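I need the structure of the sequence given here:
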Amino acid sequence: MDPKFASIIEQVKVDIITPTQQHDNARQLEEVSRSFISDTITVPTKEMFAYAVQTSLGDDVYNEPSTIALEAHIAKLTGKEAALFVSSGTMGNQLAIRTHLQQPPNSIICDVRAHINKYEAGGAAIHSGALQNALTAKNGHHLTLKDIEPHVVFGTDVHSAPTRIICLENTLNGTIMPQNDIIEIADFAHKNGILMHLDGARLWHVAAETRTPIDELCAPFDSVSLCFSKGLGAPVGTCLVGPKVFIQKARWFRKIFGGGMRQTGVLAGSVAYALTHNFPLLPRVHALAKHLQTGLEELQVGILSPAETCMVFYDPSTIGVEYWEIIDRAAALPNPICLTGSRLVVHIQTSPEAVEDFLTLIRTLKEEKVRAGVVPSPVDSDGMKNVYVRATRPPSTR
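Presented below is the predicted three-dimensional model:
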């Protein structure tokens, strides 16, 4: 071999597997089972990988059989004409908005707490040039037609941006939007030529909790984005669904966005495994989240948003405890627990022992505060305050 090429080969070589990788992976799974920060942290299992590696080896920009089969299944499941596999929930939402909207000016309506409003880096403005009209739900739980209708922009007034899409999210912060309210909003929208999009990243939880078929939940919407890497535990992926012509155009925009993928069969296989084996686990997740909420309430800890599905938002100030105190003490446990603030997310790999250990820690902290003379006080929340609070350590304790 040419010595110069041999030298380049040695420079290019890399081994990213550590000598203790199997042990590290087992430890990672243990850490995930004791982390309440998100349901995106779930890890693929050996069984998932074993199924996934049997899938096809096509190129998704051209033709990838296993991915096409997954897209066809999701389209049928949701009652839509077609589906498109994309890398993330954010890409699914942003592709939907960009594909629906044509010549500006345009505006979209959404909940002020919605993912597209708070956690997608201003994507609607950047990609689609759309004004986002973020509304507050007066009932403290979910948007209704009474919230939306006064803010819909009609007509040709050159000072305004007409409403083109109403974007809803179900679940939102783990809470379920009633289907009758969704239908009422959709009927109004469609009568007025306004499109409906659903961020259904965690719609699987709605189906599991309410026993409502997926196609029924999706029926009021022109497009829906469904994530596989949150509640279902797949490593990557979302499907955007809608009319065939819409999905054809979205595929074009996916390429423009740099989202065209190649050998996605293994990812589609992971999703298929998650749909088959992990979706049935969601009722257990919900029961564990509700048990967590009940335990907190028994300790007089404030609940900012209850466990309708997989999330609980809590306020420990009612027992005189700060979030950072809990985070520090949880991290110092013999078997640590990972937390970030007010949001507690239960997922398919959360261990019941982690929930009990967390409640025991809260009980210990409360007893310490009581001995220090702290008297529990009620929490004041209408559901619309910023329930997603990240812990902030006071300067004096840094």
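
what residues of stretch 21-41 count as buried?
When neighbours are counted by 16 or more other CB atoms under 10 Å, the buried residues of stretch 21-41 are found to be 32, 33, 34, 35, 36, 39, 40, 41. Backbone N, C-alpha and C define where each C-beta goes, glycine included.

who touches it?
18, 42-43, 202, 229-231, 233, 310, 335-340, 343-351, 354, 357-358 (CB atoms under 8 Å, 6 or more residues apart in numbering).

restricted to helices, list those residues.
Judged by DSSP state H, the contacts of stretch 21-41 include 354, 357, 358 as members of helices.

the stretch 51-200 of the chain: strands as residue ranges?
82-86, 106-111, 130-135, 163-169, 195-199 (DSSP state E, counting those that start in this stretch).

residue ranges with poor pLDDT in the chain?
Counting by pLDDT under 70, the chain has low-confidence residues at 379-385, 396-398.

just checking: what are the partner strands of the helix or strand encompassing residue 303?
For residue 303, the element it lies in under DSSP states H and E is strand 302-305. If you go by DSSP bridges, strand 302-305 pairs up with strand 311-315 (antiparallel).

which of the residues in the partner strand are buried?
Buried, per 16+ other CB under 10 Å, within strand 311-315: 311, 312, 313, 314, 315.

cool, and stretch 181-192?
Here stretch 181-192 shows 181, 182, 184, 185, 186, 188, 189 as buried, counting by 16+ other CB under 10 Å.

TSV please, covering the residues you listed and showing distance to residue 159.
Shown next, in TSV, are the buried residues of stretch 181-192 (distance: CB to CB, whole Å):
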residue	distance to residue 159
181	31
182	31
184	29
185	26
186	28
188	24
189	23
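
let me know the closest of those residues to residue 212.
residue 182 (11.0 Å; CB to CB).

what's the neighbour count on the residue lying closest to that closest one once chain neighbours are set aside?
Nearest in space to residue 182, with sequence neighbours left out and distances taken as CB to CB, 6 or more residues apart in numbering, is residue 220 at 5.3 Å. Number of residues near residue 220 (other CB atoms under 10 Å) recorded here: 19.

right, and residue 220 touches residue 186 too?
Yes - here residue 220 reaches residue 186: they are 3.5 Å apart, a contact under CB atoms under 8 Å.

quickly list what's touching both of these two.
With CB under 8 Å, 6+ apart as the test, residue 220 and residue 186 both reach residue 196.

circling back: mind checking the strands of the stretch 51-200 of the chain for the one nearest to residue 249?
Comparing the strands of the stretch 51-200 of the chain under CB to CB, the one sitting nearest is strand 82-86, at 9.9 Å.

for that closest one, packing partners?
When contacts are defined as 3 or more CB pairs under 8 Å, 6 or more residues apart in numbering; DSSP states H and E, strand 82-86 packs onto helix 65-78, helix 89-100, strand 238-242, helix 244-256.

which of those has the highest mean neighbour count?
Comparing those by mean neighbour count (mean count of other CB atoms under 10 Å), strand 238-242 ranks first with a mean of 28.

tally up the residues packed near the closest residue to residue 348 other than its chain neighbours, please.
The spatially closest residue to residue 348, leaving aside those adjacent along the chain, is residue 281, at 4.7 Å (CB to CB, 6+ apart). For residue 281, the number of neighbouring residues by other CB under 10 Å comes to 17.

can you name every helix or strand that whichever strand or helix holds residue 294 contacts?
If you go by DSSP H and E, residue 294 is part of helix 282-298. Helices and strands touching helix 282-298, by 3+ CB pairs under 8 Å, 6+ apart, are helix 203-210, strand 302-305, strand 311-315, helix 352-371.

quick one, what contacts residue 130?
97, 101, 104, 106, 107, 108, 124, 161, 164, 165.

from those, pick the one nearest residue 327.
Residue 327 lies nearest to residue 124 out of the contacts of residue 130, by CB to CB, at 33.2 Å.

wait, isn't the closest one in contact with residue 100?
No - applying CB under 8 Å as the test, residue 124 and residue 100 come out as separate, 10.8 Å apart.
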